[in-house]
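*Asks:* Sequence and predicted structure below; questions after.
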Amino acid sequence: MSCKIAIGQLCSSSSLQTNLRTVVNLISKAMDNNVKLIFFPEATDYMARNAMHSKYLVKQSPLFVSNLQNEIRSLVLQKGKPIDVSIGVHLPVKNSNTTLTDDRTRNVLLYINHRGEIINQYQKLHLFDVDVANGPILKESESVQPGNSLPTIFDTPVGKLGSAICYDIRFPELSLKLRSMGSELICFPSAFTMKTGEAHWELLARTRAIDTQCYVIMPGQDGIHDTTDPTWDNLNNNHDSIIHNAPRQSWGHSMIVDPWGNIIAKSDSNFKVPQLIFADIDLLKLNDIRERMPLWQQRRNDIFH
């Protein structure tokens with residue numbers, strides 16, 4: 001028996017209110033198509049202009065999450081059918097030490113069930129601090145605090161889910177660990193750059209699916225992000241700052257890959273965002289692949305620890 005999932009591909013702006021309306025609209029449409037679980041990209045709540053802008057916008061993120069929880073409850077009541085939501089957001093750092101404060105954000109993947117309850121959250125482990133050849137110089141650690149805990153595996157309406165975020169996909173040990181912990185699906189909500197997306201997005205997705213024999217879900221931000229924010233500019237006398245910050249553009253190309261490495265669904269590059277991408281998750285197929293090629297029974301754990 002298969003169950004339907006969806007990816008909600010969008011192009012988040014710096015307006016959390018606008019992004020929330022887009023998300024709710026996509027969830028509603030997914031429910032009309034009998035989707036059990038919808039996945040959104042990282043940073044769905046907002047895309048900032050720079051590190052300082054992100055630290056300002058993150059103060060609005062808890063309200064974004066709270067409003068989304070209420071909207072999910074309302075939609076489920078209105079339509080009389082359940083849907084769960086996996087969504088990447090920013091959240092303020094929790095400072096337990098009063099003498100040492102960290103004003104960065106947390107890049108977090110939330111799982112919200114059909115009752116509007118947050119039942120799982122994962123904080124991104126690997127931060128994107130790179131200087132891409134002929135591409136942008138990005139230093140995520142300037143505005144984001146790295147996580148320090150492995151994701152947990154948990155049951156969803158479509159299978160056991162392991163969580164990761166964007167740059168995590170380049171570190172196969174995480175994906176292999178998630179499979180060893182019981183994952184049947186692994187999601188990588190992302191905002192890939194154009195340069196790295198063109199080179200590696202599909203390749204990494206299919207490789208992680210083959211490595212782990214899991215369904216790999218790839219929700220991607222897509223397009224040129226509108227980071228204009230008059231309120232921020234007025235607060236900081238920063239009217240010309242946008243000139244000194246190159247526009248952020250994301251690769252998109254959201255896709256779903258089966259455990260054999262086949263792309264079973266992908267976004268339409270001719271279709272403007274936002275859009276929905278649908279696929280059926282078939283755990284019988286997954287188990288058949290694992291039985292026919294029993295990698296986890298053949299791993300040399302006596303050699304590789």
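*Replies:* Thanks, I have it.

*Asks:* could I get stretch 5-12 in CSV with only the CA atoms?
*Replies:* This file holds the C-alpha atoms of stretch 5-12, laid out as CSV (Å, rounded to 0.1, in the frame of the first residue of the first chain):
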residue,chain,number,x,y,z
ILE,A,5,3.4,12.9,0.0
ALA,A,6,4.1,16.3,-1.5
ILE,A,7,6.8,18.9,-1.6
GLY,A,8,5.8,22.6,-1.4
GLN,A,9,8.4,24.4,-3.5
LEU,A,10,8.5,28.2,-2.9
CYS,A,11,10.7,31.3,-3.0
SER,A,12,10.6,32.7,0.5
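
*Asks:* Could you check how far that stretch is from the centre of its chain?
*Replies:* Relative to the mean C-alpha coordinate of its chain, stretch 5-12 is positioned 9 Å out (CA atoms, centre = their mean, to the nearest Å).

*Asks:* Quick one: mean pLDDT for it?
*Replies:* With pLDDT averaged residue by residue, stretch 5-12 scores 98.

*Asks:* Relative to Ile87, how far out is the residue nearest the centre of the chain?
*Replies:* Among the residues of the chain, the one closest to the centroid is Pro189, at 2.1 Å (CA atoms, centre = their mean). Taking CB to CB, to the nearest Å as the measure, Pro189 falls 8 Å from Ile87. Any C-beta I mention is one placed from the backbone N, CA and C, and that applies to glycine too.

*Asks:* Overlap in contacts, these two.
*Replies:* Residues touching both Pro189 and Ile87 by CB atoms under 8 Å, 6 or more residues apart in numbering: 39-40, 44, 109.

*Asks:* just to revisit the earlier point, pLDDT wise, what is the residue nearest to the centre of the chain at?
*Replies:* pLDDT recorded at Pro189 is 98.

*Asks:* which residues make contact with stretch 253-269 from outside it?
*Replies:* 5, 7, 9, 41, 197, 201-202, 205-210, 212-220, 222, 252, 275, 277-280, 285-286, 289-290.

*Asks:* now with 7 Å?
*Replies:* Here stretch 253-269 makes contact (CB atoms under 7 Å, 6 or more residues apart in numbering) with 7, 9, 197, 201, 205-206, 209-210, 213-220, 252, 275, 277-279, 286, 289.

*Asks:* in it, what's buried?
*Replies:* Of all the residues in stretch 253-269, those buried under the rule 16 or more other CB atoms under 10 Å are 253-261, 263-267.

*Asks:* what's the closest of those residues to Ala48?
*Replies:* In terms of CB to CB, no member of those lies closer to Ala48 than Ser254, at 21.5 Å.

*Asks:* all helices of the chain, in order?
*Replies:* Listed in chain order, the helices of the chain (DSSP state H) span 16-32, 51-57, 61-79, 172-180, 194-212, 230-236, 283-292, 295-298.
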